[in-house]
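K.L.:
output the structure for:
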Amino acid sequence: MYLSFSLSLQSNDGVTKHVHVSLVKGNPVQYRSCTRSCKLKKTSVYHCHCPPADGKATELREQARKPAAILNTDASGEGVVNEIFMLNKQVKVSFWAGLFCLVSNNGLIAQQDSLVLRHRNLNEVEVVEKVRPAVTREGTPVQMLNKSDMLRLGVQELSEAVKRFSGVTIKDYGGVGGLKTVSVRSLGAQHTAISYDGITISDAQSGQVDISRFSLDNVEQVLLSIGQADDIFQTARIYASAGALQIETSHPLFDDKKYTLEGQLKAGSFGYFNPSFRYGQKVGSKVAVTMHGDWLTADGDYPFTLVNGTLREEQKRLNSDINSWRGEANVYADLQHAGRLQVKAYYFDSERGLPGSVSLYNPQARERLWDRNFFTQTRYENKIGEYMSVKGLLKFNHAYNRYLDINNKYAGGRQDDRYTQKEYYASGALKYVPADVLSFSFASDFFVNTLDATIPESPYPTRYTSLSVLAAQYQNARITLTGSLLGTYITERVKTGDRPADRKRISPALSGSWRIWEEKNIRVRASIKDIFRVPTFNDLYYLRIGNTGLRPERATQYNVGLTWSGKPFSALDYLRFSADGYYNRVSDKIVVIPSLAFARMMNFGEVSIKGLDLNLEAGMPVSNKLSFQLAGTYTWQKAVDITDPAKKNYKHQIPYTPEHSGTASLTAETPWINVGYMLTAVGNRYALLQNIRENRIDGYIEQGISANRTFKLGKASLRLQGEIINLGDINYEVIKYYPMPGRSFRVSLKINY
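P.N.:
Residues are numbered from 1 along each chain as shown. Here you go, the predicted model:
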């Protein structure tokens, strides 16, 4: 027996495309696509069924573009359930299913014209799903976790989710309130773009984004791309980075209700307390409004053991508290043929202690940090005719930061610095698809950044940036080729002092993937990207160490990989594997060079980075009531300084880069309880340039376990979860002299209505 589906996928302009999918146990997914489309009138669905398989290429053909949907079956398909990625952003899926006879003769399976034994019409359903790329098809490495993945793993923080990706380093300064930044393949956090609902989060002052300011409760999907992803309908700013962490928030799903309500309470060790809520409201048939808010507080006074040679001292981490709250409001408007519109307003406010590095007999720290961030952004998308799509983005960002340190080393006994950043951002993009296998895009971004500061000699800089990118893609069932050319122009103005020279640069990128055999989902891929980052405001202007003569830091990325997905054993639901070898070359690296008088930022450094990323995912159903999911990653990196052969640190591993690291997770799902286990392993690292014992940071293994269960209470659902974090109770260090908490506990209660 086999099951046959006809899927009707409706785009937001009312056009429906149809795909026929045959699911045959032990055989590849068979799918066919009708070339014609039909319109939906009001709420009625008109199915345009595929014509008989008469061989006419104009009427019925093997789909040449990305499949509209891939179902998780017993077959060796290319994706999993809900991987719907052909239409922009959202799709509506209506389907019927027929149960057909499997006619077997000498092992041959009958085609679609098999005798129909029974036909059953299923109720029409509406599915609204985020676009998910088929990660095994991509020409560059792409890794992804959606909401169901994170719920299954029991992940509660954004940094915990990002740690699941290979090739990623999270710099964590310890504790609940510690700053957390993301670096991809040892290129540095300044080379990694962080986007929130399609628009990049910026920090022109430091170039680094603290991802701890974003709540995972409101996140639908987290995606990491390295190099340039196959989605060419992006902002130019995404093209201007070596890697991108893309955070997509949840859209409201109302079913037959006019509102949705979600409340959650999390509590745990060291005074951790985090209530949150999310509310969605339908406003008519085309508009929806959502609001999300949460409050986080913790004292962070966790115990740790300070080891100094043969001396050991039990201490408590002081000044590691945090008190923060954030709020977000969204308006979603379906303008029918006029497109889709999303308007977002976001506010974040926090005060936290900075515990500083630990030292023997001096546990005190008095540094404090205040952050206030407000931004509002608008995203508009529309499809014009059959071949053209447009996108427009606007954003205003206001960020305030205050740093206070009370210490006798300062004149007056204190240092109180305050900074205010503003950004005005606009972006437009156009995509043209003249044929099923060919597409072009053009995007242009323009933004203005300003910085006001209370520090002495502040020049009050203003930066004007223009980015334009032209991209093209050829894609059929087996081959994908993507190329882009990015043009950058940057100029700055200052009120006092010197300003840097204008910067102009062309940055190319090229990637491709090839499915080697038509009947097996094995692909090889290769990519190259040339990119650079401009010096930050701190690099250029900060007190006496700033240097307006700095050149941009340049990076060239090479990647060669192999991907495979399928079902090699009957005991498995699916198996996905990828292996990527890469080489990065960084030149004109921006570093601090100490001198007798004072330190200064300089272009002095060249880094060679060789590495290997491995990823494995598998699903194993044991019975109708028990299934396992397994995932693992491994990264090998040799990132060495090749600046000067005469230096002692020549060809030494660069600071905070482990040669070996990896993650593993195992989840078990039953009707009664779901259990998850996660492991993170990191090898030895070095805090300074020379790889000597005094600079070494020992490797560590961190383990965690979670258990959760969901109860149905009428129209509401109740989810309970408990976690043990850092099972081994190890005060490991991510940053030298910044010990992490030992074993801790966390519980959460979530109600959905």
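K.L.:
show me what stretch 365-374 is in contact with.
P.N.:
Identification of contacts with stretch 365-374 by CB atoms under 8 Å, 6 or more residues apart in numbering yields 210, 213, 318-319, 345-356, 397-407. In short, each C-beta sits where N, CA and C put it, glycine included.
K.L.:
so where's the stretch 151-300 of the chain shaky on pLDDT?
P.N.:
Counting by pLDDT under 70, the stretch 151-300 of the chain has low-confidence residues at 174-175.
K.L.:
which stretches of it form strands?
P.N.:
Ranges of strands within the stretch 151-300 of the chain are 168-172, 180-184, 192-196, 199-201, 219-226, 243-249, 259-268, 272-283, 287-298, based on DSSP state E, counting those that start in this stretch.
K.L.:
the shortest one - contacts with which helices or strands?
P.N.:
For strand 199-201, the helices and strands in contact under the criterion 3 or more CB pairs under 8 Å, 6 or more residues apart in numbering; DSSP states H and E are strand 192-196.
K.L.:
can you rerun that using 10 Å?
P.N.:
Based on contacts counted as 3 or more CB pairs under 10 Å, 6 or more residues apart in numbering; DSSP states H and E, the elements that strand 199-201 packs against are strand 192-196, helix 236-239, strand 243-249, strand 367-384, strand 388-406, strand 414-435.
K.L.:
mind listing the strands that strand pairs with, and their directions?
P.N.:
Take DSSP bridges as the rule and strand 199-201 pairs in its sheet with strand 192-196 (antiparallel).
K.L.:
so how far is the partner strand from its chain's centroid?
P.N.:
Here strand 192-196 is found 8 Å from its chain centre; the criterion is CA atoms, centre = their mean, to the nearest Å.
K.L.:
that strand to strand 219-226, inter-axis angle?
P.N.:
If you take axes from the mean of the first three to the mean of the last three CA atoms, to 10 degrees, strand 192-196 sits at 160 degrees to strand 219-226.
K.L.:
check which element follows whatever helix or strand Thr633 lives in along the chain.
P.N.:
Counting by DSSP states H and E, the element that carries Thr633 is strand 626-641. Scanning forward in sequence from strand 626-641 by DSSP H and E, the next helix or strand is strand 660-669.
K.L.:
by contact count, what packs against the lengthiest helix in the chain?
P.N.:
When the chain is parsed with DSSP state H, its longest helix is helix 147-153. In terms of contacts (3+ CB pairs under 10 Å, 6+ apart), helix 147-153 is packed against strand 142-146, helix 158-162, strand 219-226, strand 626-641, strand 660-669, strand 674-682, strand 700-713.
K.L.:
let's see it at 8 Å
P.N.:
Judged by 3+ CB pairs under 8 Å, 6+ apart, helix 147-153 is in contact with strand 219-226, strand 660-669, strand 674-682.
K.L.:
who wins for proximity to Arg152 among the ones you listed?
P.N.:
Closest to Arg152 of the helices and strands packed on helix 147-153, according to CB to CB: strand 660-669, at 5.0 Å.
K.L.:
just the C-alphas of the closest one, formatted as CSV.
P.N.:
Only the C-alpha atoms of strand 660-669 are listed here, as CSV (Å, rounded to 0.1, in the frame of the first residue of the first chain):
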residue,chain,number,x,y,z
HIS,A,660,38.5,20.3,19.0
SER,A,661,34.9,20.9,20.0
GLY,A,662,31.6,19.2,19.6
THR,A,663,28.0,18.7,20.8
ALA,A,664,25.6,15.7,21.2
SER,A,665,22.0,15.4,22.0
LEU,A,666,19.6,12.6,22.5
THR,A,667,15.8,13.0,23.1
ALA,A,668,13.2,10.4,23.8
GLU,A,669,9.5,11.1,23.2
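K.L.:
that strand pairs with which strands, and in what direction?
P.N.:
Based on DSSP bridges, the pairing partners of strand 660-669 within the sheet are strand 626-641 (antiparallel), strand 674-682 (antiparallel).
K.L.:
need the contact partners of that strand.
P.N.:
So strand 660-669 is in contact with 152-153, 163-164, 166, 626-637, 674-683, 699, going by CB under 8 Å, 6+ apart.
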